[in-house]
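Asker: next come a sequence and a model predicted from it.
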Amino acid sequence: MIKQIASLSRTREILEKYGFQFKKSLGQNFLVDLNILKKITDAAELSPEKGAIEIGPGIGSLTEQIAKAAGNVVAIEIDQRLLPILADTLSPYPHVKVEHGDVLQMDLREIINKHFAPGEKISVVANLPYYVTSAILMKLLEERLPLENIVVMIQKEVAERIAASPGSKTYGALSIYSQYYAETKMVAIVPKSVFIPQPNVDSAVLRLKIRNKPPVDVVDEALFFRVVKTSFAQRRKTIANNLLHGLFGKGERERMLSVLQEAGIDPTRRGETLSLEEFARLSNCIGK
Ligand code: SAM
């Protein structure tokens, strides 16, 4: 019986057979632990009626496990050298289609329309290349793609920032941004030893369950995100100071204070203590 791709011995065999050299610049750290792979696919709640998009299949370790659970899989890989390897390792799974390209440059809506049936439930499941984690997540969220959930292996530090609650050290613009679009959950903390080569940082599996609509009413989304970003411009400063420097002009101190009062927010608070609801209320008052 052929061993699963993610087993250490089969991975080594594949790398050797093709003389594959890892490219650090492409964030190539391959998973060699079936337990972790199972945690990832379980968190995505895949089933034969559902579809999945994988970003960065590598030699197909995670792809194989996704293919066993989902009915329809598209894997997007930037590294041309991996295409013949994937054609080989994934040959037992004809319902996996590999698309070659840079996910950040791709029209993902077009990919979805091409490969999935209208209304089909789709998960994004990936062990992301760490050099572009945030850019990929932002693209997936901002484009409002028809996704059910996103389950990703990312740097632990970024996962903590995304899932943080108000008042915690790691809570910031990225937390609010992500939680505006999705319910976030830390699924597992992952040691470096499950990858080859081992990355420099610890990792975590994070789940983002996409919301049908944002949990707060925001009148002007662009302004909302600007208010959030400005409020965290200097973490140690009060919300009033950050807003005064980043959003209101000189001489607008009185107006800014009255907006904060209208929103029911004490001007001496720091951005890191404000909830999603408070940021929504604040930006709606500023926009009036
Ligand atoms: N899924 C495999 C695994 O878990 O063993 C490989 C994961 S590895 C962390 C990241 C993969 O993403 C690599 O195969 C890399 O070539 C690919 N990649 C890097 N940048 C990419 C991009 N912009 N678009 C698509 N794939 C990319």
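Answerer: Sure thing, it's come through. Numbering: from 1, shown residues only.

Asker: which non-adjacent residue is nearest the residue of the stretch 1-150 of the chain found nearest the ligand?
Answerer: Closest contact between the stretch 1-150 of the chain and the ligand, by CB to the nearest ligand atom, is at residue 56 (2.0 Å). All C-beta spots, glycine's among them, are computed from the backbone N, C-alpha and C. Spatially, and ignoring its direct neighbours in sequence, residue 56 is nearest to residue 129 (5.4 Å; CB to CB, 6 or more residues apart in numbering).

Asker: repeat for residue 269
Answerer: residue 239 (5.4 Å).

Asker: let me see the contact set for the residue of the stretch 1-150 of the chain closest to the ligand.
Answerer: Applying CB atoms under 8 Å, 6 or more residues apart in numbering, we find residue 56 in contact with 27, 76, 77, 78, 103, 126, 127, 128, 129.

Asker: tell me which of these fall in strands.
Answerer: Of those, the ones assigned to strands by DSSP state E are 76, 77, 126, 127.

Asker: the residue nearest to residue 56: neighbouring residues, count only.
Answerer: Burial of residue 129 is recorded as 21 neighbouring residues (other CB atoms under 10 Å).

Asker: so what's it up against?
Answerer: Residue 129 sits next to 26, 27, 28, 55, 56, 136 when contact means CB under 8 Å, 6+ apart.

Asker: next, give phi and psi for the fourth one.
Answerer: In this entry, residue 55 is assigned phi and psi values of phi -100, psi 120 (degrees, to the nearest 10).

Asker: touching, it and residue 74? I think so.
Answerer: No: in this structure, residue 55 is not within contact of residue 74 by CB atoms under 8 Å, at 9.7 Å.

Asker: show me which of the ones in strands among the contacts of residue 56 is closest to residue 157.
Answerer: residue 127 (16.3 Å; CB to CB).

Asker: tally of neighbours for that closest one?
Answerer: When neighbours are counted by other CB under 10 Å, residue 127 comes out with 27.

Asker: repeat that for residue 132.
Answerer: Counted with other CB under 10 Å, residue 132 comes out at 18.

Asker: and the one 5 residues further on, by the same measure?
Answerer: Residue 137 has 25 neighbours, counted by other CB under 10 Å.

Asker: wait, it touches residue 150, no?
Answerer: Yes: between residue 137 and residue 150 there is a contact at 7.3 Å, judged by CB under 8 Å.

Asker: anything in contact with each of those two?
Answerer: residue 208.

Asker: hang on, the earlier thing: could I get the contacts of residue 129 as JSON lines with pLDDT?
Answerer: Output for the contacts of residue 129, formatted as JSON lines (pLDDT from 0 to 100):
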{"residue": "26", "pLDDT": "98"}
{"residue": "27", "pLDDT": "97"}
{"residue": "28", "pLDDT": "98"}
{"residue": "55", "pLDDT": "98"}
{"residue": "56", "pLDDT": "98"}
{"residue": "136", "pLDDT": "97"}
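
Asker: neighbour-wise, give me the winner out of those residues.
Answerer: residue 55 (25 neighbours).

Asker: got a list of what it touches?
Answerer: Residues near residue 55 by CB under 8 Å, 6+ apart: 75, 76, 103, 124, 126, 128, 129, 136.

Asker: which of these has the most neighbours?
Answerer: Highest neighbour count within the contacts of residue 55: residue 126, with 29 neighbours (other CB under 10 Å).

Asker: excluding its backbone neighbours, what's nearest that residue?
Answerer: Among residues not flanking residue 126 along the chain, residue 55 sits closest, at 4.2 Å (CB to CB, 6+ apart).

Asker: what number of residues lie near the residue nearest to residue 284 when sequence neighbours are not counted?
Answerer: Excluding its sequence neighbours, the residue lying closest to residue 284 (CB to CB, 6+ apart) is residue 219, at 5.1 Å. Applying other CB under 10 Å, we find 13 residues neighbouring residue 219.

Asker: from residue 175, how far out is residue 219?
Answerer: From residue 219 across to residue 175, the span is 21 Å (CB to CB, to the nearest Å).

Asker: what residue of the protein is the furthest out?
Answerer: Centroid-distance maximum for the chain: residue 251 at 40.1 Å, with CA atoms, centre = their mean.
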